[in-house]
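**Q** sequence first, then the predicted structure, then my questions.
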Amino acid sequence: MSSNVHALELSKAFKRVDDGLLSEADVEEAFRTIIRWAGDNPERPGLLDTPARLVRSFREFFAGYNQDPASILKTTFGEIEGYDEMIVLRGIGFESHCEHHLAPIVGRAWVAYVPSGRVVGISKLARVVDAYANRLQIQEKMTAQIANTIDEVLKPQGVGVILKATHHCMTTRGVHKPDTDLVTSRMLGCFRDSPLTRQELLSLVD
Ligand SMILES: [Zn+2]
């Protein structure tokens, strides 16, 4: 069985765990199969507890499937004295996993918006990043999801999202290019229409 098929089986397994159709013991067994396939013995002392640890790790890595990003942004504040300039949360660290290799994607996000009458608690912007990061992802899609959700829920004058991340599927395997990172962005509303607004955001990214 190829590693891709294993990954697919695992992601299906987690879906079925959430549906109550599959126990954590079943998922541990899937991890034991992978260890055996890699050439080691899952019953030796050093590996005995590894499948259970992996289940807990995967719960953490993929906690985003149990979160609704739109509802994170539901509480907003209207007493802002007419504030209508850019709000930027800079350098939000995130860890994700690529959907092609289940390899880590480690990076930072810059999330900006220009409000139209209401603002959201700033920690909620970081929580939206995490809700999408803690899923199987590609960076391009994750960038768009963050921006689209903020745009749809807050209905601001504009949203700008920039992600910079290192993809372990190309730094530690495959083409082995350790010093690369990928930059993606999605600009909506005034960030898309106004070169000055876009430039102001870009000047805040390091
Ligand atoms: Zn990958």
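**A** That came through fine.
**Q** what parts of the chain come near the ion?
**A** Taking C-beta under 5 Å from the ion as the measure of proximity, the chain contacts the ion at 98, 100, 101, 169. For glycine as for every other residue, the C-beta is placed from the backbone atoms N, C-alpha and C.
**Q** filter those residues down to the buried ones.
**A** 98, 101, 169 (16 or more other C-beta atoms under 10 Å).
**Q** could I get those residues in CSV, plus columns for pLDDT?
**A** Compiled in CSV, those are given as follows (pLDDT from 0 to 100):
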residue, pLDDT
98, 98
101, 96
169, 94
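**Q** now, which of the residues you listed lie within strands?
**A** Of those, the ones assigned to strands by DSSP state E are residue 98.
**Q** buried residues in stretch 194-206?
**A** Here stretch 194-206 shows 197, 198, 200, 201, 205 as buried, counting by 16+ other C-beta under 10 Å.
**Q** tell me how far the first one lies from residue 155.
**A** Counting by C-beta to C-beta, to the nearest Å, the gap from residue 197 to residue 155 is 17 Å.
**Q** can you check the third one too?
**A** As defined by C-beta to C-beta, residue 200 lies at a distance of 21 Å from residue 155.
**Q** same deal with the fourth one?
**A** According to C-beta to C-beta, residue 201 and residue 155 sit 19 Å apart.
**Q** repeat for the second one
**A** Relative to residue 155, residue 198 is positioned 20 Å away (C-beta to C-beta).
**Q** just say helix, strand or coil for residue 60.
**A** Per DSSP: H, G, I helix; E, B strand; the rest coil, the local secondary structure of residue 60 is helix.
**Q** so what's it closest to, chain neighbours aside?
**A** residue 134 (7.6 Å; C-beta to C-beta, 6 or more residues apart in numbering).
**Q** just to check, the one you found is in contact with residue 105?
**A** No: using C-beta atoms under 8 Å as the test, residue 134 is too far from residue 105 to be in contact (11.2 Å).
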